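Enquirer: 3D model of this:
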Amino acid sequence: MFCPPGNAVQRCITTAQGNVLIPCVHGFCGLRVLDMNFEQVPPNDASGAASHGVCTVTGSAPSCPSISQGKVGNAIQLNGAQHVDIPSLGQFIPAQFTIILWAKPSSNLATGKGVILSNKLNLLSSGFDLSINGPYGTLFGSAGALTVSMSDGIQTIEASSPHAVQFDDWNHIAVVVDTQTGIKLYLN
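Expert: The predicted model follows:
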C-alpha cells in the first residue's frame, strides 16, 4: 500500500497476534520501514520505503565506512568517526517498533558511549538511541552496558543491561520499544 509522502495515513492489518496498525513512511505502508543489509556502502533499504543510507564524514575520516565480513553476509565497520545517516526517516518514531541487529564491538573502543543506532539530532533532542559503553566503562555506566533510550519530547523511557555485550565477538541484539509499556532488551 502506498500513500502520499508526508501523510500520516495508517493502515490496519490482521496478524496471528491480532490487529496491527501500520504507519506509512514516505509513501510506503508496511511492517518493515527499514531493512539494511550492509552489503554495500552507502547501504540501501530493502524494505520498500526507500530509506537509503547516506555516508557522512566527521573530521578527516573517509566518507563511507568499510565493508567487512559480518555474522551473516557483509557488515559495515565504523571507526568511531564515521556514521551512516538515513535522512528520509528524520525524526520518525512510531509508537511501537523492533530493531534487530548483529554487532561486534571492538575491545579497542575508546572510553565512552559508542552509539550504534540513533535518530536524535543531539543528546537532548527527541528520538531513539541504542548504544554500548566502551570496555573501560563511562560516566553513563559499566563496561559493555547496552543502553536504549527514547524521547518524544515529553517523556523519556530507557532500559539498560550492565555488562551485557561481549567485546570482539558477535552479539545478537533485539530491542522492542512500546511507548505505553516501555523498552525490552534481548541479547543473544
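Enquirer: wait, V177 sits on G127?
Expert: No: taking CB atoms under 8 Å as the definition, V177 is not a contact partner of G127, at 11.5 Å. Just so you know, the C-beta spots here come from the backbone N, C-alpha and C atoms, and that holds for glycine as well.
Enquirer: so the residue nearest to the spatial centre of the chain versus Y136, what's the distance?
Expert: Nearest residue to the geometric centre of the chain (CA atoms, centre = their mean): L117, 3.5 Å. Separation of L117 from Y136 (CB to CB, to the nearest Å): 22 Å.
Enquirer: show me where the protein has strands.
Expert: 10-15, 18-25, 28-29, 54-56, 66-69, 74-77, 83-85, 96-103, 113-118, 127-133, 146-151, 156-161, 171-178, 182-187 (DSSP state E).
Enquirer: closest to S47 out of those?
Expert: For the strands of the chain, distance to S47 was read as CB to CB. The smallest value, 7.2 Å, belongs to strand 28-29.
Enquirer: for the protein, which spans come out with low pLDDT?
Expert: Along the chain, the model assigns pLDDT under 70 to residues 1-15, 17-31, 56-63, 80-81, 87-93, 110-112, 122-123, 137-140.
Enquirer: how does it look with 50?
Expert: For the chain, the stretches with pLDDT under 50 are 1-9.
Enquirer: mind listing the shared neighbours of V177 and G127?
Expert: Listed as contacting both V177 and G127 by CB atoms under 8 Å, 6 or more residues apart in numbering are M150.
Enquirer: looking at these two, which is more packed in?
Expert: Between V177 and G127, V177 has the larger neighbour count (other CB atoms under 10 Å), namely 22 against 18.
Enquirer: check contacts around the more buried one.
Expert: Going by CB under 8 Å, 6+ apart, V177 touches Q96, F97, T98, I99, F128, V148, M150, I157, I183.
Enquirer: please repeat the previous calculation with a cut-off of 6 Å.
Expert: F97, M150, I183 (CB atoms under 6 Å, 6 or more residues apart in numbering).
Enquirer: for it, give its distance to A46.
Expert: To A46, V177 is 22 Å away according to CB to CB.
Enquirer: wait, doesn't P162 sit right on T147?
Expert: No: look at P162 against T147 with CB atoms under 6 Å: they stay out of range, at 9.3 Å.
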